[in-house]
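Requesting a structural model of the entry that follows:
(2 chains)
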Amino acid sequence: ETGVTQSPTHLIKTRGQQVTLRCSSQSGHNTVSWYQQALGQGPQFIFQYYREEENGRGNFPPRFSGLQFPNYSSELNVNALELDDSALYLCASSLEAGTTEAFFGQGTRLTVV
Amino acid sequence: KQEVTQIPAALSVPEGENLVLNCSFTDSAIYNLQWFRQDPGKGLTSLLLIQSSQREQTSGRLNASLDKSSGRSTLYIAASQPGDSATYLCAVNGPRRNTPLVFGKGTRLSVIA
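Numbering: from 1, shown residues only, chains lettered A, B, ... in the order given. Next comes the predicted model:
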């Protein structure tokens, strides 16, 4: 079991609402990445934070935003939720961006109705 | 744009059989390749990380190989067990160290007792 913890594990929201997902990275890891995984698909990269700064972003609209805190934990915020945002959201942490093994949390299952 | 393909999409084998899962990627300029296991509705568990300068990595009954020039990796599972049933995902990053992981859609493995 990794030291990456995500909360909540499940969430149901209504279209148009806003949601915040949280990730506690493994101790000593300074890089956090967020991925969206639709059913039957591989995870898709949303964005990455390194030492509290965003240093990479995938093909997601601006209503997907994030933060990384001084303790390297992170938040993913999604505004104006759409039905297609329903997915498993995964957080990964690594010691140094891209060079070392990435460890994933258990994910947050978001359902938008 | 990097693309990762995994073949087959699904595989069913009897317990005890040795098996090979395949992963191919379109851009050989990778930094790392990582194999993951995912149980239904759960997060990703890292199995093996192969750096671009390496040819293979082994962990217990698992052996992963990398042929960067041909854009291919294989995951070999020896003496399969019902507990190995899961989806196996391959991911690469590169060419720079801080680039995100690009995933395949995975191979869904069922090991029948």
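
Find the nearest non-adjacent residue to residue A:109, please.
Leaving out its chain neighbours, the residue that sits closest to residue A:109 by C-beta to C-beta, 6 or more residues apart in numbering or on different chains is residue A:10, at 4.8 Å. (Each C-beta comes from the backbone N, C-alpha and C, glycine too.)

got a list of what residue 52 touches?
All of this refers to chain A. The contact partners of residue A:52, taken as C-beta atoms under 8 Å, 6 or more residues apart in numbering or on different chains, are A:68-70, A:72.

Let me rephrase: I mean chain B.
Residue B:52 makes contact with B:30-33, B:66, B:68, B:94, according to C-beta under 8 Å, 6+ apart.

Over to residue A:93?
So residue A:93 contacts A:4, A:23, A:25-26, A:29, A:31-33, A:72, A:102-103 (C-beta under 8 Å, 6+ apart).

Among the residues you listed, which ones lie close to chain B?
A:4, A:31, A:33, A:102-103 (C-beta under 8 Å from any C-beta of the partner chain).

coming back round to it: return the subset of the contacts of residue A:93 lying in strands.
Among these, the residues falling in strands (DSSP state E) are A:23, A:31-33, A:103.

which of the contacts of residue A:93 are the two that sit furthest away from each other?
A:72 and A:102 (14.1 Å; C-beta to C-beta).

Among the two, which residue is more densely surrounded?
residue A:102 (28 against 21; other C-beta atoms under 10 Å in any protein chain shown).

you'd agree that one is up against residue A:94?
Yes: in terms of C-beta atoms under 8 Å, residue A:102 counts as a neighbour of residue A:94; the distance is 4.7 Å.

what's the overlap in contacts for these two?
By C-beta under 8 Å, 6+ apart, the residues touching both residue A:102 and residue A:94 are residue A:33.
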